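> Fold the following and give me the result.
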Amino acid sequence: MRIKLSQTLRSMLKRHLAHLWRTPFLKAHCCRSKTPSHRRSSHREGESASMATQRRRRRRGDKPKSKAAPRRQPPPGPTDVHDVPDHLLDLIFLRLHSSACLLRAAATCTRWRRVVADAGFLSRFRSLHPPCIAGHYHAVDPDWADYRSSSPPITDTPVFLPSSSLTADSRRFSLDFLPHSDSGWNLADGRGSLLLLFKKRTGWAARARSRCLSDLVVCEPPTRRCQGILCPRDLGGVLLGVFLLGGDRNDGSGGRIVGMSSFRVVAVLHDYHTSEPGRGMPVACVFSPGSDGGWRFLPSASASTDGDVSLPDAVDSITFAGRANGSLYWVIGEDGAMLALDEATVEFSRVQVLADGMWESNVDRWSFRVVGGEDGAPRVVRLVSNELKVFARLPGGDEWVVEKLVRLPEATRGLPGRKEHWYFRRNAMIVAAHDAYILVTPQEKTWLFSVELETMEVERRHERNRYPGAAFPCELPWPPALEACADHGRRRRCR
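Modelled structure (predicted):
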């Protein structure tokens, strides 16, 4: 049966259906019902694959991927010595106390050793720090040694006394590595870390002036290395002394490097003067190591424009006085004059030393010595009438004045072993001279005591007073033998 709807009812139904179409539920239902079947199946397959992927992640314990958050940097940790850059290590090492401390620092690790081994650093360090003295080698003069009363007994071989400021094992400075010699070896000189020794003479040759120079040996006790030197049989003149000089390389502090590969030996001779009959002149014969080295006579070089230096013909009046301020000095037996040899240029000159009371009596090795002062300038030590005087030259002139004085009879009173009414009846004698002290004894008997040149105090208990003879300082080798790290391109941590 068909129902006829009025026009009014039909319009109301249309408005109601339009309202329902605008609702979300009905719209979605109608759209889905209109979707093709193949599109609905693919959508279901995609949902199934996504659910399967989530199930696999849950079984593995994985977390779904998400956008990674920026990683936070850990806070910087505390810095240590490995983080100090090389240029700061350079400044720190320059402030070390001595070369011994520098060697200990270099032995720490390869990086520190590389910094220390740099040639520029070593030059700067040497210009700021004095050489490190390990100790002194003492020669024993048989004319003064008291072999019987000494305890422990002393011998005529050189003795090493370690420095109080550096703990050194005396056994490491033994000279038992020297070549064998039937007569033994005598100390001639010392410079830097090197010693110069010559074969002992026996009999009359030990006391006579000779034209022959014994064979020599240069050694470095800290490294136990040595080099023998064969000398010419006839030097053509009377020997005044043989000495050790620095080599040709500069050490960075204005001096010359002294080492087994950098040294010179000079033999000073007295020969006939070439233009003054009845007079003598000094001659230098120099030895240098290396393939192009050997002995050679230097031209008679003089620091003056007056020609060759003139000396007395009598060799016995010429006595070696000492070394100071880069020069060697001899007393030549003529009042007010000394012979000087510049170690750098190997040139001779006559030096005038004029002072009241300096030349008032006989001048010889027992009463006249030249030493170096604290300022590097030479000082003349004179022992006359049991008064030990130290002369210094006034600045800007040639006049010498008494700087210090001590009267030995009064200064030694009360010292152990002093015989009040026996000693100092005659003039005392200088046994050895050093830049820091003078070793003295009365003529009546060997009774050694030393006078400190800085304070002019007298003492007898020091170990050095047991060895009558010259003392030569022994420095640690310079530059130090260091194996530098070969890796310069990248920074390496210490090992």
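> Let me know the pLDDT of Gly417.
Here, the pLDDT recorded for Gly417 equals 88.
> Could you report the neighbour count for the closest residue to Lys200 other than its chain neighbours?
Distances taken as CB to CB, 6 or more residues apart in numbering place Ser183 nearest to Lys200, at 4.1 Å, with adjacent residues excluded. (C-beta placed from N, C-alpha, C; glycine too.) Ser183 is flanked by 11 other residues according to other CB atoms under 10 Å.
> again, but for Asp375
Neighbours of Asp375 (other CB under 10 Å): 9.
> show me what contacts it?
Counting by CB atoms under 8 Å, 6 or more residues apart in numbering, Asp375 touches no other residue.
> element containing it?
Under DSSP states H and E, no helix or strand contains Asp375.
> Tell me the spacing between it and Pro130.
Going from Asp375 to Pro130 by CB to CB, to the nearest Å gives 14 Å.
> one step back: part of a strand, is the residue nearest to Lys200?
No - remark: Ser183 does not belong to a strand; assigned using DSSP: H, G, I helix; E, B strand; the rest coil, it is coil.
> Am I right that it is in contact with Phe198?
No - using CB atoms under 8 Å as the test, Ser183 is too far from Phe198 to be in contact (10.1 Å).
> Low-confidence regions, the protein specifically.
Applying pLDDT under 70 to the chain flags the ranges 1-70, 73-78, 144-156, 166-168, 202-212, 249-255, 299-307, 481-495.
> for it, what spans make up the helices?
Using DSSP state H, the helices of the chain run over residues 7-21, 24-34, 37-60, 86-94, 99-106, 110-116, 119-128, 408-411.
> Go ahead and produce CSV holding the CA coordinates of the last one.
This points to helix 408-411. C-alpha atoms of helix 408-411 as CSV (Å, rounded to 0.1, in the frame of the first residue of the first chain):
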residue,chain,number,x,y,z
LEU,A,408,149.0,33.2,61.2
PRO,A,409,150.7,32.9,64.6
GLU,A,410,147.8,34.6,66.3
ALA,A,411,145.1,33.0,64.1
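> what residues does it touch?
So helix 408-411 is contacted by Asn386, Glu387, Leu388, Tyr423, Phe424, Ala428, Val440, Val451, Met456, Glu457, Val458 (CB under 8 Å, 6+ apart).
> How much space separates the first one from Ala432?
For Asn386, the distance to Ala432 under the criterion CB to CB works out to 18 Å.
> Next: the third one.
When distance is defined by CB to CB, Leu388 is 14 Å away from Ala432.
> what does the fourth one give?
For Tyr423, the distance to Ala432 equals 19 Å [CB to CB].
> can you check the second one too?
With the distance defined as CB to CB, Glu387 ends up 19 Å from Ala432.
> Please say which of the two ends up with more neighbours.
Ala432 (22 against 16).
> if I pick the more buried one, what's in contact with it?
Asp141, Ile438, Leu439, Pro468, Gly469, Ala470, Ala471.
> Please identify every residue contacting each of Leu388 and Ala432.
Ile438.
> before we move on, back to that, for the residue nearest to Lys200, grab phi and psi.
phi -90, psi -10 (degrees, to the nearest 10).
> No further questions, thank you.
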